[in-house]
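Trainee: need a 3D model of the following:
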Amino acid sequence: MAHAENSSITVQPPSTTVDFRAHDVGTTTVPLPILFTNSGKNDLQINVWIDDSSAFRIERNGCGQSYSPGFSCEVWVVFAPRAPRTAGEVQQATLKYNYAPGEGDKGESEPVKLVLTGQAYLPEISVHPGSLSFPSNSSSGDAPQTVTLTNNSSAKLAIQRISASDGFDVQRPTPAEIGSHESVSLLVSPPSGGLLAAHGLLVVVSDSRLSPQFIPLATSARPIFFEHLPPNFGQSLFALIACLLYWLGMAAVRWNRIALRARKLLKAEIDNLLIDADQAAGAPSAVIAAIKDSVGDKFIKDFDPRQCSFGDFALWSRGDELAGWQRVHQAMVQLVTWLPDDRVAAKLEFLVGQLAGEDSCSHLLDLVKAELILATGKTADPGRRRALLRELLSAYYDREDTSYASLLSWQNKAGWLVSCGLFLILILTIGDGHGTLFLIGALGGLLSRLSRALHRTDTPSDYGASWTTVFLSPVTGALAGWAGILFCSVAVKFQILGKIFEQAWDDPHKPLVMGLALAFGFSERLLDNLFNQLDDKLGSDTTSPKPSSLPPGGLPPGGGPPPGPPSDRDRAATTIVTASLPSGKVGEPYPETPPLTVDPPIPKANWSAVSGLPEGLEISPSGQISGTPRGPAGSSTVHIKVEDPADASKSATKSLQIVIDPE
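Mentor: Below you'll find the predicted structure:
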């Protein structure tokens, strides 16, 4: 035991000098604990410090408080050698301590000195970095890190062993030796699949004076939830959120801009019906009650969008409105019998204007016009006028219900197509990880729709059906951008496209890839035309004539069978030359265009549309397309066929795109 003069403090270790022995510059020793105990009879405050020194320092100072007799405090001291002037230079410092008396005593004791010593050497083997810490994220947490060992001495050093503890692993083989002033790199990897924090040591055993050397290793804890996530989880999560928000936006717009307006219009029509029912003079009360009951709350729901069910919001076109319109129309036809004469005449005049041009109602309209001329005369028959009004109303309402049913069907198909498109985008993003292509393609589709809306001069009046194409265009553009890039990558491999397209198509961030995705998304016909050209090319390749096996001079001298008619192999392939069809518009005559053409020409060609021709259009046998499109608006693929009536082998088919714009 070492006791300071006139003090009651005992120091452990019991020596006035503490030797840390020899260490290399750049290393720090393990903390050495020094224990101070109050061995007196009174409370003492123990103070410990080190004079100014850059080689020794107090790592942890547990003293500085008042301690009762028998209680101790501990100080941890470390040695971090400075660069020596000569090898083995002794470096030292003075640790001092004193005590202050407890309550009732006065004064403070003189400091007691404790000498700290240690030898400093330039390291024979230096290690960089001095410790390794591996991050917690699963994408880079398992990546190995590099440790460099450098021999700073003038002689080579033999390496006996390099190992890691607690699951850490040294991936490169241990070198047998390190030459003078040479370096060796090691790869150290953390424990695989660990969820909790791990700590270990990299141990280097050599014939160095300070062998073995220790390098601390540590990993952070990894959250369990993110441990086994796929590499493109972030992109997939973004795609899921974006698709969900897009679908909700489509449903919200459809509900507020289409469904709610249609229901309010139906409600207004019911109000008009109830007014007519109240003005129906002489109508039996039972009939009026039955009419009001048929169009009552049983078929009309609450029109407040805040109170709509999820089914109404997500699946609006379920037939409720159509059933309500049909019942309203049936009730209006029934009320004709009891309407005043002036109302009957007014409705007849209105319907004559609405049904003008309808071929199916031409005879009925002639009768009504004649009846209206006689309406001012004394011989007018009110019963006949009511019968004609009922027939006209039935024809008019049948046309309106058919048109409205077509609108509902189009809304259902569009909603289904948007949902399927978003689902495909999500699945392809998760599986392929090229979400950038879908985003750029969707941008192209949106720009296409914005451009059309900016340059159009008419105002649509289609019950909000134009909103459907607004939501279809970005989804179509996103899928077209991805499919177009896939087509280009395949076309390059088959040498269909030129050398300018020879690049890595797997990188969606290249300017050419992004530009083509934008072009495919913007143009609704670009991808269709490419596939049509590919289809024509493949079709012409399969029907192209093959070279004759006869010599240039024909049959050799000496005869042979007489030449027969040319076979299918010897005939030139019949192809449709027309590459595109002009756009039309609902309710307007289709623009006059030159007849379709075929190569080689067929004198009396018979043209026909196999499928896909919009309603209201027809193709004549001479190849002329005419008529007035009746809708629905949108792009469709028309499969056209041409054949020679005199030779059935001369025929060809082709798929062309035709776009019908809304009213």
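Trainee: the longest helix along the chain packs against which elements?
Mentor: Longest helix of the chain, by residue count under DSSP state H: helix 382-432. Here helix 382-432 touches helix 233-254, helix 320-335, helix 341-354, helix 362-374, helix 435-455, helix 466-493, going by 3 or more C-beta pairs under 8 Å, 6 or more residues apart in numbering; DSSP states H and E. C-beta coordinates here come from the backbone N, C-alpha and C atoms, glycine included.
Trainee: could those helices go into TSV alongside distance to residue 71?
Mentor: Shown next, in TSV, are the helices and strands packed on helix 382-432 (distance: least, C-beta to C-beta, whole Å):
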stretch	distance to residue 71
helix 233-254	56
helix 320-335	86
helix 341-354	107
helix 362-374	116
helix 435-455	66
helix 466-493	75
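Trainee: and those helices, which one's lowest on average pLDDT?
Mentor: Lowest mean pLDDT within the helices and strands packed on helix 382-432: helix 362-374, at a mean of 63.
Trainee: could you find the closest non-adjacent residue to residue 23?
Mentor: Among residues not flanking residue 23 along the chain, residue 81 sits closest, at 5.2 Å (C-beta to C-beta, 6 or more residues apart in numbering).
Trainee: again, but for residue 621
Mentor: residue 606 is the one closest to residue 621 (C-beta to C-beta, 6+ apart), at 5.1 Å.
Trainee: now the one you found: how far from residue 622?
Mentor: 9 Å (C-beta to C-beta, to the nearest Å).
Trainee: more neighbours: those two, which one.
Mentor: residue 606 (15 against 11; other C-beta atoms under 10 Å).
Trainee: how much space between that one and residue 213?
Mentor: Per C-beta to C-beta, residue 606 is found 94 Å from residue 213.
Trainee: count the neighbours of residue 604 for me.
Mentor: Residue 604 has 9 neighbours, counted by other C-beta under 10 Å.
Trainee: and it, what's its pLDDT?
Mentor: We have a pLDDT of 79 for residue 604.
Trainee: any idea which element it lies in?
Mentor: Per DSSP states H and E: residue 604 is located in neither a helix nor a strand.
Trainee: setting aside sequence neighbours, what's the nearest residue to it?
Mentor: Leaving aside its sequence neighbours, residue 604 sits nearest to residue 645 (C-beta to C-beta, 6+ apart; 6.0 Å).
Trainee: separation between that neighbour and residue 411?
Mentor: As defined by C-beta to C-beta, residue 645 lies at a distance of 43 Å from residue 411.
Trainee: more crowded one of those two?
Mentor: Comparing residue 645 with residue 411 by neighbour count (other C-beta under 10 Å), the higher total belongs to residue 411, at 22 against 12.
Trainee: how close does the more buried one sit to residue 477?
Mentor: Distance of residue 411 to residue 477, given as C-beta to C-beta: 20 Å.
Trainee: before we move on, the earlier item: from the chain's centre, how far out does the longest helix of the chain sit?
Mentor: Distance of helix 382-432 from its chain centroid, counting by C-alpha atoms, centre = their mean, to the nearest Å, is 30 Å.
Trainee: please apply the same query to stretch 601-620.
Mentor: Per C-alpha atoms, centre = their mean, the centroid offset for stretch 601-620 relative to its chain is 42 Å.
Trainee: and stretch 148-167, by the same measure?
Mentor: The answer for stretch 148-167 is 50 Å, by C-alpha atoms, centre = their mean.
Trainee: do a quick rundown of the strands in the stretch 551-663 of the chain.
Mentor: For the stretch 551-663 of the chain, the strands defined by DSSP state E, counting those that start in this stretch occupy 575-576, 584-585, 598-599, 606-611, 617-619, 625-627, 634-644, 647-661.
Trainee: packing partners for the second one?
Mentor: Under the contact criterion of 3+ C-beta pairs under 8 Å, 6+ apart, the helices and strands touching strand 584-585 comprise strand 647-661.
Trainee: returning to what we had before: most tightly packed of the strands of the stretch 551-663 of the chain?
Mentor: Highest mean neighbour count among the strands of the stretch 551-663 of the chain (mean count of other C-beta atoms under 10 Å): strand 584-585, with a mean of 20.
Trainee: what's around residue 90, how many residues?
Mentor: 12.
Trainee: which residues are in contact with it?
Mentor: If you count contacts by C-beta atoms under 8 Å, 6 or more residues apart in numbering, residue 90 has them with 117, 118, 119.
Trainee: fine, thanks again, bye for now.
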